[in-house]
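Student: Structure of the sequence below:
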Amino acid sequence: MSNIAKLAYIAVSSRNPSALHKLLSECLQLNHFSLDTPDGAIDAYGIGNTALAVFPAGSAFLSNDKPGVDHLAFSTSNAKDAASLFINNAKHSSGINGAQQIQVPEGLTQGVFSRFTPIINLRGNITKFVERIDHIGIASNSIIIAESIFSGKLGLPVESRQTDMEVKVSMESFTSDKYGVIYKTRPPETMGGLRVSFITIGDTELELLENFNDQHRAEITHGTPGNTKQDQGAITKYVDKYGPGLHHLAFKTPDINKTLKHLEKHNFRLIDTMGREGSRRSLIGFIHPASTGGVLIHFVEREEITNA
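Tutor: Okay, here's the model as predicted:
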């Protein structure tokens, strides 16, 4: 086993770090501090038991050039042993605050850029808008393979699995002036859907998302609130364009409608102005990535269920 306790940090890449600062520090009131990297000092924000490390897009420390969630840093007492589950003769490189870390090629982790680092204690906090990171969304082309990596190799527990579907139910009516009205309901027709698996790490989860049916491709209607069909379309579009990998961040909030109104008041562009149904009996709402420099973030309101 890898002896992984939690995520040391989550690295995000933004075309507009100042917009993320406004969201995370000024609006959501998260702890703000500075971290040293080989590429210079960067802003970081404590949240729950981990932290978001915000890099300007194009930083040499990042794993790729596109904005969004860049990589996950897994905190472990022995980075070399953890990395040996994937590669032999792993080499260290300089990481956050001078800690030595090991990078794993994303092809070995279902497109998830991953680094193993010694335990780093970063200052997280809880505010009236954010309790912790609910999950990190991962677009997958095979949940079975992804589970075999993060649960099988790394030993992280599967929290739950589910299937999200949007269905259309049609009804026919037969109306007669003599025999009255007869209604016939047709079998439900699947419009779109996702297979979902949640894997626990520390106080958050990795959310694995896979297209439910390859016959349903990417269909996204811009300028309208989200739904399951559009969520499926977004994941499919991402995998088609980039392959599997890190897709979004989700923050757990005690009152999603209050939080979304708060964001709207501070001029953040929203995809969802009110909470809508999501996985794990939750209400969810997305911020438009144009407001965060390309980082897709949504909020989650849900009750914890400790025993299934």
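
Student: Helices along this protein, start to end?
Tutor: Using DSSP state H, the helices of the chain run over residues 17-21, 79-83, 143-147, 228-242, 256-265.

Student: Which of those sits closest to residue 278?
Tutor: For residue 278, the closest of the helices of the chain is helix 228-242, at 8.3 Å, according to C-beta to C-beta. (Each C-beta comes from the backbone N, C-alpha and C, glycine too.)

Student: Check the gap between residue 128 and residue 19 for me.
Tutor: The spacing between residue 128 and residue 19, counted by C-beta to C-beta, to the nearest Å, is 21 Å.

Student: between the helices of the chain, which gets nearest to residue 199?
Tutor: Distance to residue 199, taken as C-beta to C-beta, is lowest for helix 143-147 among the helices of the chain, at 7.0 Å.

Student: hmm, back to that, residue 128 and residue 19: which is more packed in?
Tutor: Shown here are residue 128 and residue 19; by other C-beta atoms under 10 Å, residue 19 has more neighbours (17 against 13).

Student: re earlier: for residue 95, which of the helices of the chain is the nearest?
Tutor: The nearest among those, by C-beta to C-beta, is helix 79-83 at 9.4 Å.

Student: which residues are contacting that closest one?
Tutor: Contact with helix 79-83 is made by 2-4, 74, 76, 90, 92, 100-102, 104, 116-118, 154, as judged by C-beta atoms under 8 Å, 6 or more residues apart in numbering.

Student: ChimeraX command for the buried members of these?
Tutor: Selection of buried members from the contacts of helix 79-83 for ChimeraX, criterion 16 or more other C-beta atoms under 10 Å:
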select :2,4,74,76,90,101,102,104,116,117,118,154
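
Student: Make a markdown table out of the helices of the chain and add mean pLDDT.
Tutor: Putting the helices of the chain into a markdown table (pLDDT from 0 to 100) gives the following:
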| stretch | mean pLDDT |
| --- | --- |
| helix 17-21 | 96 |
| helix 79-83 | 88 |
| helix 143-147 | 96 |
| helix 228-242 | 87 |
| helix 256-265 | 97 |
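
Student: Figure out which of these is closest to residue 134.
Tutor: For the helices of the chain, distance to residue 134 was read as C-beta to C-beta. The smallest value, 11.0 Å, belongs to helix 256-265.

Student: can you pull the buried residues of that closest one?
Tutor: Neighbour-count burial for helix 256-265 [16+ other C-beta under 10 Å]: 256, 259-260, 262-263.

Student: possible to save those residues as a markdown table with distance to residue 286?
Tutor: Listed next are the buried residues of helix 256-265 as a markdown table, based on distance: C-beta to C-beta, whole Å:
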| residue | distance to residue 286 |
| --- | --- |
| 256 | 11 |
| 259 | 12 |
| 260 | 9 |
| 262 | 15 |
| 263 | 11 |
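
Student: Throw the helices of the chain into CSV and include distance to residue 109, thanks.
Tutor: Compiled in CSV, these are given as follows (distance: least, C-beta to C-beta, whole Å):
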stretch, distance to residue 109
helix 17-21, 25
helix 79-83, 11
helix 143-147, 9
helix 228-242, 14
helix 256-265, 31
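
Student: which one of those helices lies closest to residue 63?
Tutor: By C-beta to C-beta (comparing all of the helices of the chain), the closest turns out to be helix 228-242, at 12.3 Å.
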